[in-house]
Structures are given as C-alpha cells and as structure tokens.
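S.K.: give me the fold of what follows.
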Amino acid sequence: MSEQRDAELQAEERSLAAGHAAGYCWVERTDGPGLCTRRPGHDGDHSDYYGGRRKLTDIAGYTWPQ
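M.R.: Sure thing, here's the model as predicted:
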C-alpha cells in the first residue's frame, strides 16, 4: 500500500510540475473537477478555461475562489 501511495504522490508532483512548466497556476478545485489554468501568482479567483465550459464560445469554465 505504501508503494501505491508513493506512486500517487509522484504522479501528483509530476502533474504539478508539468502544469507550472506550461505556465499554469494548476491549483486543483476542491469541490469538483478543474485545475486553474491562469498564470502562477495571479490575483483573483481561480479559473479553468478549458474544463466546465457550457458552450464552445464561453471564455471560462469552472471558477472558484482562492
């Protein structure tokens, strides 16, 4: 079980590093799906500009407070 948890933590760390390398804040939404795709250190609410859009023309999908 410990090895599985270690693997999960490593995958999480790799995801965070990849998100930051791509220029995203990458904070996970706590009450549902979504990762913040705003720049790191931004002001204001977190937003996932890709996930949660209802229409193709919507600018942002999921939005949640810092």
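S.K.: quick one: neighbours of the closest residue to T30 other than its chain neighbours, just the number.
M.R.: Spatial nearest neighbour of T30, excluding adjacent residues (C-beta to C-beta, 6 or more residues apart in numbering): W64 at 7.4 Å. Where C-beta positions appear, they are placed from N, C-alpha and C, glycine not excepted. If you count neighbours by other C-beta atoms under 10 Å, W64 ends up with 16.
S.K.: surely W64 and E28 touch.
M.R.: No. Taking contacts as C-beta atoms under 8 Å, W64 lies outside contact range of E28: 9.8 Å.
S.K.: got any residues that touch both of those two?
M.R.: G34 (C-beta atoms under 8 Å, 6 or more residues apart in numbering).
S.K.: what's the following helix or strand after the worst-scoring helix or strand of the chain on mean pLDDT?
M.R.: None of the helices or strands of the chain scores lower by mean pLDDT, DSSP states H and E than helix 2-21, at a mean of 91. Remark: after helix 2-21, the chain's next helix or strand is strand 46-47, criterion DSSP states H and E.
S.K.: paired strands for that next one, with orientation please.
M.R.: Its sheet considered, strand 46-47 pairs with strand 63-64 (antiparallel) by DSSP bridges.
S.K.: avg pLDDT for the partner strand?
M.R.: Per-residue pLDDT over strand 63-64 has a mean of 94.
S.K.: contacting residues for the residue nearest the centre of the chain?
M.R.: For the chain, the residue nearest the mean C-alpha position is L35 (1.7 Å; C-alpha atoms, centre = their mean). Going by C-beta under 8 Å, 6+ apart, L35 touches G19, Y24, W26, V27, E28, R29, D48, G51.
S.K.: so what pairs up with it in the strands?
M.R.: Here L35, judged by DSSP bridges, has bridge partners E28.
S.K.: could you check how far it is from A60?
M.R.: 13 Å (C-beta to C-beta, to the nearest Å).
S.K.: can you list residues touching both of these two?
M.R.: Both L35 and A60 are contacted by D48, under the criterion C-beta under 8 Å, 6+ apart.
S.K.: before we move on, the earlier item: quick one, what contacts the residue nearest to T30?
M.R.: Counting by C-beta under 8 Å, 6+ apart, W64 makes contact with R29, T30, D31, G34, D45, H46.
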